[in-house]
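1. Please work out how this folds:
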Amino acid sequence: MVDFVVSKKSALGRTGIIESWGRHLVKHATPSCMVYLRAGHIPHLTWEVAQNWLKLDQIPIYQLTLPSLIESSKVIEKFGKGAPAFCGMPKDSAVHLHITDPLAEMRSGFNDTKSIALFTKGGKKMLNAPWHREIIRNFLCDSFDTMLDYDAPRGSLNKRLTKGIERTKSFYDELFKEDEEYLEGAVVVSLGGGFSDYHRRKYAVDIGLNKRCNGYSVDLREFVDGKEVDQEELQKLVEETFAPLPPTRLRFVAGPFDPAMVLRLTKLGFDFFDSSYPVKMAEMAKALRLADDYPHSSLFDLVDFNDDKYADDYDKLFESCECYTCKNYTRMYLRHLTNTKELLGPILLVIHNVTEYQRMFSLIRKTIDEKMNISDDQVRMDRRYDWVGPPNPISKIRPIKLRRVDNETQLEREYREAREELNRWNSAFWAAHNTLFDAKKAEFIEKRKKELGRLGQVSANDLSVFYKEFLDSQHASLMAYNKRQAQSDFVSENGTIAI
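-> Next up is the predicted model:
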């Protein structure tokens, strides 16, 4: 299983810890990324080079992409020790089997009722649920994606999108047939829906609330690097996907996302990405560098070694970077390697870009933690105004700090501190209430779906029953809340504040 715990939430996103991945203890902090693999290797790196010269800041979780190995599935089955051992990966590595390759071509119009199309160097391969189950058993990875009918380009008709949901649900049901042998490994449920917010939510309700689920993989292939992105549209689609789902599960998105888009997706609630973007940039002979004020700004630079201007540049790649490439090689030499198409070129750029991409997530985590721990001396108070912060993402209550007037009396200080303490209590109450509400709602929907059967839909009338039952169960708690709020307005005769 995937043992994931959310630590903190802020307007910038949320941090968490992946305690274990499958049978491996990893203690992996999020937001972060899986290490993208092609044919069981970090592209352009041997495992010896990766272990000696690529310094990762956490225990890695590797993303094994199926299209690069599907043609070897029979050989891996005969090998009998699993795909990680077959590829010579480091022992005791945490490995996730990802059905598609984030950097590979995906064509429209080839999926059918029983299977999805994967495109390999040997041509098109049609993957169905029985073959997928066989691959999962033989590859012996710690986790795996469920199959998704991913073919949902812009302009897809509602009929096609609904059919995609039916196919995806059928793939899931067939994968976990009760009469089949139990599949070992954590399950990351794939969710799609294209550009339809209605179908995004329907995917989440119909497939995301199934019992065997340790996390979610949300399909955003139409929003990756190189695509035109409508930020408001993206936000609406992601919000519709996450709304019905339990907030405690890991949220993963695969694809080459640049630092600006990673920051945006983190704010929308994603926890886990992959490292396909730095590999893509390295294969285009580009070196990634974050702005000095990232993530307070989303700016970054790409140094393009296809440009002749670096032919006489004797500077290190980046003076402040501590990676192997930056400490040992100049821009002029990297330009030479690119110009002559030497194999060392992409090796050095992959080492640097992956290191910088890892640093990006470290900066994001640090900033989220800092935003969650604002001390009094970090808030610049103006004696004329109160300070009101951004809403807490769970309680929706804004933190406040009241202005300090000149020559503040003891009674005024007590009143100010009592008001601020009431605000903190208020936020904590509603955070606990809303978290419980989300969990109970998810349980109700899952239970109701089992009662209705495969073709049944949870209706508004069903949810109205849940809302009443939930409010009835919280009657005592809400009455105590109202009493506390009423008491907070009372000032006793002896001049103290009654809270």
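
2. name the helices or strands packed onto the lowest-mean-pLDDT helix or strand in the chain?
-> Lowest by mean pLDDT, DSSP states H and E among the helices and strands of the chain is strand 387-388, with a mean of 76. Contacts defined by 3 or more C-beta pairs under 8 Å, 6 or more residues apart in numbering; DSSP states H and E place strand 387-388 against strand 400-401. C-betas here are computed from N, CA, C, even on glycine.

3. quick check, distance from the following helix or strand past the strand it packs on to the centre of its chain.
-> Note on strand 400-401: by DSSP states H and E, the next helix or strand toward the C-terminus is helix 410-452. Centroid displacement of helix 410-452 relative to its chain, using C-alpha atoms, centre = their mean, to the nearest Å, is 24 Å.

4. Name the strands paired with the least confident helix or strand of the chain and say parallel or antiparallel.
-> Sheet pairing for strand 387-388, assigned by DSSP bridges, gives strand 400-401 (antiparallel).

5. now Leu363, what's its secondary structure?
-> Counting by DSSP: H, G, I helix; E, B strand; the rest coil, the backbone at Leu363 sits in helix.

6. can you count the residues close to it?
-> Applying other C-beta atoms under 10 Å, we find 16 residues neighbouring Leu363.

7. just checking, it touches Asp292?
-> No - Leu363 is beyond contact range of Asp292, at 10.6 Å (criterion: C-beta atoms under 8 Å).

8. Give me the domain ranges for this structure.
-> Domain ranges of the chain: 2-280, 378-488, per automatic domain parsing.

9. Make CSV from these and add mean neighbour count and distance to Leu302 to it.
-> Output for these, formatted as CSV (neighbours: other C-beta atoms under 10 Å; distance: least, C-beta to C-beta, whole Å):
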stretch, mean neighbour count, distance to Leu302
domain 2-280, 19, 9
domain 378-488, 13, 31
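
10. Which secondary structure elements does whichever strand or helix holds Arg201 sit against?
-> According to DSSP H and E, Arg201 maps onto helix 197-206. If you count contacts as 3+ C-beta pairs under 8 Å, 6+ apart, helix 197-206 packs onto helix 158-175, strand 186-191, helix 231-242, helix 410-452.

11. for the next helix or strand after the third one, the distance to its chain's centre please.
-> The helix or strand immediately downstream of helix 231-242 is strand 250-252, counting by DSSP H and E. Here the centre of strand 250-252 is set off from its chain's centre by 4 Å, with C-alpha atoms, centre = their mean.

12. now swap in stretch 1-8 and tell me
-> Distance of stretch 1-8 from its chain centroid, counting by C-alpha atoms, centre = their mean, is 12 Å.

13. what's the answer for stretch 180-191, then?
-> Distance, centroid of stretch 180-191 to centroid of chain: 19 Å (C-alpha atoms, centre = their mean).

14. taking the mean pLDDT, what do you get for it?
-> For stretch 180-191, mean pLDDT is 92.

15. Likewise for stretch 434-448?
-> Stretch 434-448 comes out at a mean pLDDT of 86.

16. Just the C-alpha atoms of that stretch, please, in CSV.
-> The C-alpha coordinates for stretch 434-448 follow below in CSV (Å, rounded to 0.1, in the frame of the first residue of the first chain):
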residue,chain,number,x,y,z
ASN,A,434,-15.0,19.9,7.3
THR,A,435,-12.5,17.1,7.3
LEU,A,436,-15.0,14.8,9.0
PHE,A,437,-17.7,15.9,6.6
ASP,A,438,-15.5,15.0,3.5
ALA,A,439,-14.6,11.6,4.9
LYS,A,440,-18.2,10.7,5.9
LYS,A,441,-19.5,11.9,2.5
ALA,A,442,-17.0,9.7,0.7
GLU,A,443,-18.0,6.7,2.8
PHE,A,444,-21.7,7.3,2.1
ILE,A,445,-21.2,7.6,-1.6
GLU,A,446,-19.1,4.4,-1.7
LYS,A,447,-21.7,2.5,0.3
ARG,A,448,-24.6,3.9,-1.8
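
17. what sits up against that stretch?
-> By C-beta atoms under 8 Å, 6 or more residues apart in numbering, the list of residues contacting stretch 434-448 from outside reads 205, 209-211, 244-248, 394-396, 458, 462-463, 466, 470, 474.

18. Flag the shaky bits of this structure, pLDDT-wise.
-> Across the chain, the ranges flagged by pLDDT under 70 are 372-385, 454-456, 489-499.

19. Restricting to C-alpha, output the next helix or strand after the helix holding Arg201 in CSV.
-> Moving toward the C-terminus from helix 197-206, the next helix or strand (DSSP H and E) is strand 215-218. Taking Å, rounded to 0.1, in the frame of the first residue of the first chain, the C-alpha atoms of strand 215-218 are listed here in CSV:
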residue,chain,number,x,y,z
GLY,A,215,-4.1,7.3,-4.6
TYR,A,216,-5.2,9.0,-7.8
SER,A,217,-3.5,9.6,-11.2
VAL,A,218,-5.2,12.5,-12.9
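
20. Okay, now the sheet partners of strand 215-218, with direction.
-> Partners of strand 215-218 in the sheet, by DSSP bridges, are strand 186-191 (parallel), strand 250-252 (parallel).

21. Is Ala186 in contact with Val2, as I believe?
-> Yes - with contacts counted by C-beta under 8 Å, Ala186 reaches Val2, the gap being 4.6 Å.

22. quick one: common contacting residues for the two?
-> In contact with both Ala186 and Val2: 21-22, 143, 214-215, using C-beta under 8 Å, 6+ apart.

23. what two of those residues are the furthest from one another?
-> Spanning the widest gap among the shared contacts of Ala186 and Val2 are Gly22 and Gly215, at 12.1 Å by C-beta to C-beta.

24. Show me where the stretch 201-350 of the chain has its helices.
-> Assigned by DSSP state H, counting those that start in this stretch, the stretch 201-350 of the chain shows helices spanning 231-242, 259-267, 276-283, 324-328, 331-339, 344-372.

25. for those, which one sits closest to Gly123?
-> Minimum separation from Gly123 across these (C-beta to C-beta) falls at helix 276-283, 22.1 Å.

26. Determine which of the helices and strands packed on helix 197-206 approaches Gln51 most closely.
-> The minimum distance between Gln51 and the helices and strands packed on helix 197-206 falls on strand 186-191, with 25.0 Å, by C-beta to C-beta.

27. roughly how far apart are the nearest residue to Asp197 once chain neighbours are set aside and Lys202?
-> Excluding its sequence neighbours, the residue lying closest to Asp197 (C-beta to C-beta, 6 or more residues apart in numbering) is Glu240, at 4.3 Å. Relative to Lys202, Glu240 is positioned 9 Å away (C-beta to C-beta, to the nearest Å).
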